[in-house]
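Q: For reference, the sequence and a predicted model appear below.
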Amino acid sequence: MSESTQVSDRTTTREQAPVRPGATKWRWAAAAALLAAAVYAPFQLVPFHVFQLTMVLIYAVALLGLNLLVGHAGQISLGHGAFFAVGAYTAAILLDRWDAPYPLTLPVAALVAFVLGLAFGVPAMRLRGLYLALVTLAIAIFLVPLLKRFEEVTGGSMGLSLAKPAPPAWTGLAEDQWLYFLALAVTVAAFLLAASLLRSRVGRALHAIRDNEAAAEVMGVRPAYYKTLAFAWSAMFAGIAGCVYTWVIGFVSPDSFVVNLSITLLAGLVVGGLGSLSGPVLGALFVMFVPSISQDINEAAPGVIFGLLIIAVMYVAPTGLAGLAGRATNSIKKTLRKG
Amino acid sequence: MSELAVHDLHAGYGGAQVLHGVSLTVAEGEICAILGPNGAGKTTLLRALSGMVKGRGSVKLDGAELLGRPPDALARLGVAHVPEGRGTFMPLTVEENLRLGAYVRRSGVEDDLERIYTYFPALKPRLKQAAGSLSGGEQQMLALGRALMLRPRLLLLDEPSLGLAPLITRELFHIVRTINEQERTTVVVVEQNAHLALGVAQQAHVLETGRIVLSGTAADIRADEQVAQSYLGYRV
């Protein structure tokens, strides 16, 4: 029964994808409007809110990576936060020990996370479902003690404090605005990269494995290869997000990357919507704002409110907020056509 | 285009042996029907031929050993398997499904798509539609089209008639015949509907509890009334 429900759910999501050529134009228009709003926002908001939006962008990149693995390749990871931490620490150590220039830390963090993702992906991707979940959870669990152990490099429990990238004088931007635009540039690039990846032959192969592994295999698709690659890519995006996190926060410590981060990321992605490009953005908004909103509602038990909200969203929108948004747009379109 | 030679093939799942020494040959460009009751091992035979289950013995396509290679390697060698239940990628579009069929190649894909539309004109207006929204018959045509995208040397069809209306099944078998005649593709088809399968095949084998109990030309087997009654469960 669950199988058939799943299939029909996916079919409905897919049907929302535009068939008419005009719909693609609307999509581009919507993306352009969103980008314009994103560029305009930091000039209208107080620094704290600009910082919050910057964090949303960072989470969106991390969730974009997780979405490749979970939403598109159909695997699971409870250790995504670990690769986020790898990116954050790679950047921090480069800045702290070698005084590396900021732009350099991004490709290095991406590469380190990718290689580690590949190294863990090769054995992990031979496992499925619960077993894979456990192994990835183990990655998240052993990371924190490991970071504390190599104190000389990582700063141990105290962490590392770093100077944030300073805005160049010609921009005339404040620090928070500059950091926001750095994060925005990285996010846009990451989304374009992921979108082109998914539109290619590689994307089709990933989807085929997710939907029917045996049938994909008899067509010549090698599941182990693509699953491992998807794991490495997802780690790479997490690493990129972690690197920008280090730029923005200017401080890394093991306690920022506990297991809870991995679980929050997975919850955020599922709430946002698996397998769509808007899902990671909506999920990032959820991860960023819902904990503080629940703190406002009840200071004593923010976790309870957060958990209840996740349950509520999943009950109302089983395909995530992205699916809900798609359904809403469709019904508005229908109403408009009738009227 | 290619000759298939199976010799003393044993295969099964874990500890359970399903095939106990199956031997058969299919000449180049021929259609071979595998008949038999439920649980005889027909599907397992096809799965062993496409590498989905491991087997012992020998399976040669134009002299090259197929056993021991993974399914994706066999796809590269030109073995196309339309699995039981069609293996449609439901959320993907019809076109994406077809393009996945040509996954192992990069060149000539556009020409092949056109070729598929001539065999299955019904698919063309539905290219951008989710494959899951197609009817059962259309999905079976899509599965067949997708297998042809591989430019197979050996085409394996598992119960193409499953769950389809008789009229559609007949149309489908007619297309299989056309494809076989035009492309000289060697075909092994597993089918419960013996009457239809024998209508298109040159050779047929009856499988029972993992062994071949009867082999012959399709015409001979169809003519043998006793065989029809005891193995195929229908009267001629």
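A: In hand now; what should we look at?
Q: Spell out the residue ranges of the strands in the chain.
A: Went with chain A since none was named. Ranges of strands in chain A, per DSSP state E, are A:160-161, A:251-252.
Q: Chain B is the one I meant
A: Per DSSP E, chain B carries strands over the ranges B:4-13, B:16-26, B:31-35, B:55-61, B:64-65, B:79-82, B:154-158, B:186-190, B:203-208, B:211-217.
Q: Would you mind measuring from residue A:44 to chain B?
A: In this view, residue A:44 and chain B are 40 Å apart by C-beta to the nearest C-beta, to the nearest Å. All C-beta atoms are positioned from the backbone trio N, CA, C, and that covers glycine.
Q: In the chain, where is pLDDT below threshold?
A: You didn't pick a chain, so chain A it is. Counting by pLDDT under 70, the low-confidence segments of chain A come to A:1-24, A:338-339.
Q: think we crossed wires, I meant chain B
A: Within chain B, the stretches with pLDDT under 70 are B:1, B:225-236.
Q: Contact residues of it facing chain A?
A: Applying C-beta under 8 Å from any C-beta of the partner chain, we find that chain B lies next to chain A at B:50-52, B:70-72, B:74-76, B:79-81, B:83, B:87-93, B:96, B:99-101, B:103-104, B:128-130, B:132-133, B:146, B:150.
Q: How about the contacts made by the residue most central in space within chain B?
A: In chain B, the centroid-proximal residue (C-alpha atoms, centre = their mean) is residue B:157; its distance is 1.5 Å. Listed by C-beta atoms under 8 Å, 6 or more residues apart in numbering or on different chains, the contact set of residue B:157 reads B:82, B:144, B:147, B:176, B:187-191.
Q: If it is in a bridge, with which residues?
A: residue B:82, residue B:189 (DSSP bridges).
Q: circling back: ranking the strands of chain B by burial, who's on top?
A: For those, ranked by mean neighbour count under the definition mean count of other C-beta atoms under 10 Å in any protein chain shown, the leader is strand B:79-82 at a mean of 28.
Q: hmm, who's touching that one?
A: Outside strand B:79-82, the residues touching it (C-beta under 8 Å, 6+ apart) are A:218-219, B:46-47, B:49-52, B:61, B:66, B:71, B:101, B:143-144, B:146-148, B:150, B:152-158, B:160.
Q: what about the residue lying closest to residue A:147 once chain neighbours are set aside, neighbour count?
A: Among residues not flanking residue A:147 along the chain, residue A:254 sits closest, at 4.2 Å (C-beta to C-beta, 6 or more residues apart in numbering or on different chains). For residue A:254, the count of nearby residues is 21 (other C-beta atoms under 10 Å in any protein chain shown).
Q: and the gap between residue A:254 and residue A:145?
A: Distance, residue A:254 to residue A:145, using C-beta to C-beta, to the nearest Å: 8 Å.
Q: Which of the contacts of strand B:79-82 are buried? Put it as a PyMOL command.
A: In PyMOL, a selection of the buried entries from those looks like this (16 or more other C-beta atoms under 10 Å in any protein chain shown):
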select buried, (chain A and resi 218+219) or (chain B and resi 46+47+49+50+51+52+61+66+71+101+143+144+146+147+148+150+152+153+154+155+156+157+158+160)
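Q: Next up, the contacts around the closest residue to residue B:209 other than its chain neighbours.
A: In space, and not counting its chain neighbours, residue B:209 is closest to residue B:40: 6.3 Å by C-beta to C-beta, 6+ apart. By C-beta under 8 Å, 6+ apart, the residues touching residue B:40 are B:207-210.
Q: next one: residue A:128
A: With C-beta under 8 Å, 6+ apart, residue A:128 has no contacts at all.
Q: Tell me the spacing between it and chain B.
A: For residue A:128 relative to chain B (C-beta to the nearest C-beta), the value is 17 Å.
Q: what's the nearest residue to residue B:193 if we skip its chain neighbours?
A: Closest to residue B:193 by C-beta to C-beta, 6+ apart is residue B:161, at 4.8 Å.
Q: scratch that, residue B:191 is what I was asking about
A: Using C-beta to C-beta, 6+ apart and skipping residues adjacent in sequence, the residue nearest residue B:191 is residue B:197, 3.8 Å away.
Q: Quick check on the closest residue to chain A within chain B: phi, psi?
A: Using C-beta to the nearest C-beta, residue B:87 is the residue of chain B that sits closest to chain A, at 2.9 Å. The phi/psi pair for residue B:87 (degrees, to the nearest 10) reads phi 60, psi 30.
Q: How many residues are close by the nearest residue to it once chain neighbours are set aside?
A: Once flanking residues are discounted, residue B:87 sits nearest to residue A:215: 2.9 Å by C-beta to C-beta, 6+ apart. Residues lying near residue A:215 (other C-beta under 10 Å) number 25.
Q: Please name the residues that touch residue 154.
A: If you meant another chain, say so; for now it's chain A. A:89, A:93, A:147-148, A:160, A:254.
Q: you looked at the wrong chain, it should be chain B
A: So residue B:154 contacts B:2, B:4, B:49, B:61, B:78-80, B:185-188 (C-beta under 8 Å, 6+ apart).
Q: Go again with 7 Å.
A: Contacts for residue B:154 (C-beta atoms under 7 Å, 6 or more residues apart in numbering or on different chains) come out as B:2, B:4, B:61, B:78-79, B:186.
Q: again with residue A:80
A: Applying C-beta under 7 Å, 6+ apart, we find residue A:80 in contact with A:62, A:66, A:234, A:238, A:262, A:265-266.
Q: Looking at the stretch 101-250 of chain A, which residue is nearest chain B?
A: Counting by C-beta to the nearest C-beta, the stretch 101-250 of chain A gets nearest chain B through residue A:215, at 2.9 Å.
Q: just checking, that residue touches residue B:83?
A: Yes - here residue A:215 lies in contact with residue B:83, judged by C-beta atoms under 7 Å, at a distance of 5.8 Å.
Q: List the buried residues for the longest helix along chain B?
A: Assignment by DSSP state H gives helix B:166-183 as the longest helix of chain B. By 16+ other C-beta under 10 Å, the buried positions in helix B:166-183 come out as B:168-169, B:172-173, B:175-176, B:179-180, B:183.
Q: near chain B at all, the top helix by length along chain A?
A: Counting by DSSP H, the longest helix found in chain A is helix A:223-249. No - counting by C-beta under 7 Å from any C-beta of the partner chain, chain B is not contacted by helix A:223-249; separation bottoms out at 8.3 Å.
Q: And that helix, what does it pack against?
A: Contacts defined by 3 or more C-beta pairs under 7 Å, 6 or more residues apart in numbering or on different chains; DSSP states H and E place helix A:223-249 against helix A:47-67, helix A:80-98, helix A:102-124, helix A:175-199, helix A:201-211, helix A:213-218.
Q: Buried deepest among those, which one?
A: Of all the helices and strands packed on helix A:223-249, helix A:80-98 has the most neighbours on average by mean count of other C-beta under 10 Å, namely a mean of 26.
Q: Can I get it in PDB? Just the C-alpha atoms.
A: C-alpha atoms of helix A:80-98 as PDB (Å, rounded to 0.1, in the frame of the first residue of the first chain):
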ATOM      1  CA  HIS A  80      25.200  15.400   6.300                       C
ATOM      2  CA  GLY A  81      26.200  17.800   9.200                       C
ATOM      3  CA  ALA A  82      29.500  16.100   9.400                       C
ATOM      4  CA  PHE A  83      30.400  17.200   5.900                       C
ATOM      5  CA  PHE A  84      29.100  20.700   6.600                       C
ATOM      6  CA  ALA A  85      31.600  20.700   9.500                       C
ATOM      7  CA  VAL A  86      34.400  19.400   7.300                       C
ATOM      8  CA  GLY A  87      33.900  22.400   5.000                       C
ATOM      9  CA  ALA A  88      33.700  24.800   7.900                       C
ATOM     10  CA  TYR A  89      36.800  23.400   9.500                       C
ATOM     11  CA  THR A  90      38.800  23.200   6.300                       C
ATOM     12  CA  ALA A  91      38.100  26.900   5.700                       C
ATOM     13  CA  ALA A  92      38.900  27.800   9.300                       C
ATOM     14  CA  ILE A  93      42.200  25.900   9.400                       C
ATOM     15  CA  LEU A  94      43.300  27.300   6.100                       C
ATOM     16  CA  LEU A  95      42.500  30.800   7.400                       C
ATOM     17  CA  ASP A  96      43.900  30.200  10.900                       C
ATOM     18  CA  ARG A  97      47.200  28.400  10.100                       C
ATOM     19  CA  TRP A  98      48.100  29.500   6.600                       C
END
